[in-house]
Every structure is written in C-alpha cells, then in structure tokens.
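> Structure for this input, please:
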Amino acid sequence: MSLSHYDPLANSLRQFEDAFSRFFSEPQSNRPWAPAVDIYETDNELVLKADLPDVELKDLDVRVENQTLTITGERKFERKENAKGYHRVERSYGNFARSFSVPNTFDTEKIGASFKNGVLTVTLPKKEAAKPRQIKVEIHG
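Presented below is the predicted three-dimensional model:
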C-alpha cells in the first residue's frame, strides 16, 4: 500500500478547470449574451452600431418606446448532423436584449436602421432646436 499526499487545492483547481472547460465547450442557449455596441453623436444625429454576426434579419427587432431604444434578437446555434464534432464553442447563442435611453433632443419619430455585414446601424436625427446654430455677432463701435 502506498500513501499519497492529498492536496485539497489541487483537487479544487481541477474541478474548476473541468467546469470552465465544459462551460466553453458546450453550446448553451441559456447563457446570457449582449452584442457589443458603439454609440456616437454627430452634429445632426445619434448613431448606434451593434455587432450582430450570424444574427438573421428576421430574428432582429428594433423599437423605441418612451425615449428608450431597445434591440432584441436571437443568434441560433445550428449543429450540422454531418459535421465533425466541435472542440470548443466560445461564442454565445440564444436571445439577447439591449436598451438605451435616448435624450429628448433626438427625434424618435424619424428613427432609421440598416443591417449590413452583421452590423446593425440605428440613426436618430436631432430635433431642429437641438442642432448647433452659428450666430453672427456684429461689432458696434
């Protein structure tokens, strides 16, 4: 009979590594995910760009209610029966939702959206009162 040293830390570390490996190797549609979003403002509009690779247009919804812009959708995991087995799945799948407050200086009635190469672009024009105006100043001598 041989004696071996029991190291509880090594055992815990191995269990953590196993769980971590399973987490990334198995597709999980219930794992929450949120697409990356850039928001910037120009002189005339507010622009939002969201990265939505592999999301189909039919699975995407953009709406504005009460000065809140909401983007919802779903990225589906499609396992092909004749494909070789996956070794790792790190991208998240399933439903997503992102909501953003829209300042009242933007006209939500004139919202526009386009979807190209997996990028959703939403534009909200500024209300005329909110656009910068140049005022000529006269000098009286």
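
> can you map out the strands along the protein?
37-41, 45-51, 60-65, 68-75, 94-101, 112-116, 119-125 (DSSP state E).

> Which residue lies nearest the spatial centre of this protein?
P35 (1.5 Å; CA atoms, centre = their mean).

> re earlier: can you add distance to R88, mean pLDDT and mean neighbour count and give the strands of the chain back as a markdown table?
For glycine as for every other residue, the C-beta is placed from the backbone atoms N, C-alpha and C. Conversion of the strands of the chain to a markdown table gives the following (distance: least, CB to CB, whole Å; pLDDT from 0 to 100; neighbours: other CB atoms under 10 Å):
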| stretch | distance to R88 | mean pLDDT | mean neighbour count |
| --- | --- | --- | --- |
| strand 37-41 | 26 | 96 | 12 |
| strand 45-51 | 20 | 96 | 18 |
| strand 60-65 | 27 | 94 | 14 |
| strand 68-75 | 17 | 94 | 17 |
| strand 94-101 | 18 | 94 | 14 |
| strand 112-116 | 28 | 95 | 12 |
| strand 119-125 | 25 | 96 | 19 |
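
> got those strands as a markdown table, with distance to E138 columns?
Listed next are the strands of the chain as a markdown table, based on distance: least, CB to CB, whole Å:
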| stretch | distance to E138 |
| --- | --- |
| strand 37-41 | 31 |
| strand 45-51 | 32 |
| strand 60-65 | 42 |
| strand 68-75 | 42 |
| strand 94-101 | 40 |
| strand 112-116 | 39 |
| strand 119-125 | 31 |
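
> and I139, which of those is closest to it?
The closest of the strands of the chain to I139 is strand 37-41. By CB to CB, the value is 32.6 Å.

> Between strand 45-51 and the closest one, find me the angle.
Strand 37-41 and strand 45-51 are oriented at 170 degrees to each other (axes from the mean of the first three to the mean of the last three CA atoms, to 10 degrees).

> residues in contact with strand 37-41?
L46, V47, L48, K49, A50, D51, R98, F100 (CB atoms under 8 Å, 6 or more residues apart in numbering).

> same thing with stretch 106-118?
With CB under 8 Å, 6+ apart, stretch 106-118 has contacts from 45-46, 51-55, 57, 60, 62, 64, 67, 69, 102, 120-127, 130.
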